[in-house]
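J.: Need the 3D shape of this:
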Amino acid sequence: MTTEGLPMVVPARDLPPRVRIHEVGARDGLQNEKTAVPTGVKAEFIRRLADAGLTTIEATSFVHPAWVPQLADAEELFPLVRDVGADLPVLVPNQRGLDRALALGATRVAVFASATESFAKANLNRTLDESLAVFEPVVRRAKDEGVHVRGYVSMCFGDPWEGAVAPQQVARVCTALRDMGCDELSLGDTIGVATPGHVRELLSLLNQRGVPTPAIGVHFHDTYGQALANTLAALHHGVTTVDASAGGLGGCPYAKSATGNLATEDLVWMLHGLGIETGVDLGRLTATSVWMAEQLGRPSPSRTVRALSHKDQ
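T.: This is a model prediction of the structure:
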């Protein structure tokens, strides 16, 4: 039973008291739309997410417009949202992207690496080692400028071309990014094949290789319905940063088997039920995703959004 759209709170032992949600809907979600979302709608989306209590909202990507045309308006969008009062990380693929981001005052950036050769070639058109070599001067310069750097690592659990990915391979890429200077790593289950045991094994190995748990975030897709179970496994390990996308928007344009990201509302429902603080107002967040779904012309895939919005009808 719920009260006014809130879960019953039954705190669990050995879980973090608070989790920081790294909201990716405005970037990872909208980059997958078939048509570009108007810049003003994107800006309003980010503002509403901040008003709902999200403190980290990935705003856009400074990639070449030919790669991701849906985010070609990065220079126009970022100045419209700089004052929202939340951290606004942006994705930068190379030195040129970093230059563009720094020119607009970005203080948090992310690079996007792959744990596998096949995805590095499909997504970055380079070998894995070549892509890491491109990132090294980007990370170094960002750190010299006092900018926080996140390193995304995609295909951490499975790859559509190579199958299951050995944790040792993921650890090699993660330690390389840490050695470059990345402050934080986000472990991406890009095609949604991870299971809780696999998650625990990878996290333990990363700790053994010198990557501390506070520097790790998790980014799960829900292809096989495992995203929340995998998140809970990561929480039991001590992870306190979880990526999610409002309304469950997004996937991966270079991995056709990938479905949507873990919906932020579904995550918040679980966390609040466990007594874990997020700072997020679930009602406001749900209303934001309903509004965004109206802009996109289709219902939200988030189960929690559907359940709570139907209660209001």
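
J.: close enough to count as contact, G279 and D51?
T.: No. Taking C-beta atoms under 8 Å as the definition, G279 is not a contact partner of D51, at 12.0 Å. All C-beta atoms are positioned from the backbone trio N, CA, C, and that covers glycine.

J.: More neighbours: which of the two?
T.: Shown here are G279 and D51; by other C-beta atoms under 10 Å, D51 has more neighbours (16 against 13).

J.: Now do stretch 217-226: distance from first to last residue.
T.: Distance across stretch 217-226, first residue to last, is 17 Å (C-alpha to C-alpha, to the nearest Å).

J.: And stretch 109-121, by the same measure?
T.: End-to-end distance (C-alpha to C-alpha), stretch 109-121: 22 Å.

J.: gap between it and the chain center?
T.: Between the centre of stretch 109-121 and the centre of its chain there are 14 Å (C-alpha atoms, centre = their mean, to the nearest Å).

J.: now it: mean pLDDT?
T.: Averaged over stretch 109-121, pLDDT sits at 93.

J.: what does stretch 39-53 give?
T.: 98.

J.: Quick one: residues in contact with it.
T.: 23, 25-26, 30, 57, 59-60, 73, 76-77, 80-81, 84-86, 88, 246, 278-281, 284-285, 287-288, 291-292, 295 (C-beta atoms under 8 Å, 6 or more residues apart in numbering).

J.: mind redoing it with 7 Å?
T.: Outside stretch 39-53, the residues within contact range by C-beta atoms under 7 Å, 6 or more residues apart in numbering are 23, 26, 30, 57, 59, 73, 76-77, 80-81, 84-86, 246, 279-281, 284-285, 288, 291-292, 295.

J.: can you tell me which of the residues you listed are in strands?
T.: With strands taken from DSSP state E, the overlap with the contacts of stretch 39-53 comprises 23, 57.

J.: Buried ones among the contacts of stretch 39-53?
T.: By neighbour count, with 16 or more other C-beta atoms under 10 Å, the contacts of stretch 39-53 hold 23, 26, 30, 57, 59, 73, 77, 80-81, 84, 86, 246, 280, 285, 288, 292 as buried.

J.: Out of these, which is nearest to N230?
T.: N230 lies nearest to E23 out of these, by C-beta to C-beta, at 18.3 Å.

J.: what's near enough to touch that closest one?
T.: So E23 contacts 49, 54, 56-58, 244, 246, 264 (C-beta under 7 Å, 6+ apart).

J.: Who wins on neighbours among those residues?
T.: Neighbour-wise, these (other C-beta under 10 Å) top out at T264, 35 neighbours.

J.: just for the stretch 1-150 of the chain, where's the confidence low?
T.: In the predicted model, the stretch 1-150 of the chain carries pLDDT under 70 at residues 1-4.

J.: Which parts of it are helices?
T.: With DSSP state H, counting those that start in this stretch as the criterion, the stretch 1-150 of the chain has helices at 39-51, 74-81, 95-103, 117-119, 128-144.

J.: and the longest one, how far from the chain's centre?
T.: Using C-alpha atoms, centre = their mean, the mean C-alpha position of helix 128-144 is found 20 Å from that of the whole chain.

J.: how big is the angle separating that helix from helix 95-103?
T.: 20 degrees (axes from the mean of the first three to the mean of the last three C-alpha atoms, to 10 degrees).

J.: One more: the second one?
T.: Using the same axes, to 10 degrees, the interaxial angle of helix 74-81 with respect to helix 95-103 works out to 30 degrees.

J.: Also the first one?
T.: Orientation of helix 39-51 against helix 95-103 (the same axes, to 10 degrees) gives an angle of 70 degrees.

J.: If you count neighbours, what's buried in helix 39-51?
T.: Buried-residue list, helix 39-51, by 16+ other C-beta under 10 Å: 42-51.

J.: Repeat that for the last one.
T.: Within helix 128-144, the residues that count as buried by 16+ other C-beta under 10 Å are 128, 131-132, 135, 138-139, 141-142.

J.: Relative to L308, which of those residues is nearest.
T.: Taking these together and measuring to L308 by C-beta to C-beta, the closest member is A142, at 39.0 Å.

J.: hang on, the earlier thing: so which of the helices of the stretch 1-150 of the chain comes closest to P299?
T.: Short answer: helix 39-51, nearest of the helices of the stretch 1-150 of the chain by C-beta to C-beta, at 16.5 Å.

J.: L249: how many residues sit nearby?
T.: If we define neighbours as other C-beta under 10 Å, then L249 has 28 of them.

J.: Could you verify my assumption that it touches G29?
T.: Yes. Assessed by C-beta atoms under 7 Å, L249 is found in contact with G29 at 2.9 Å.

J.: Now do the contacts for P7.
T.: 269, 272-273.
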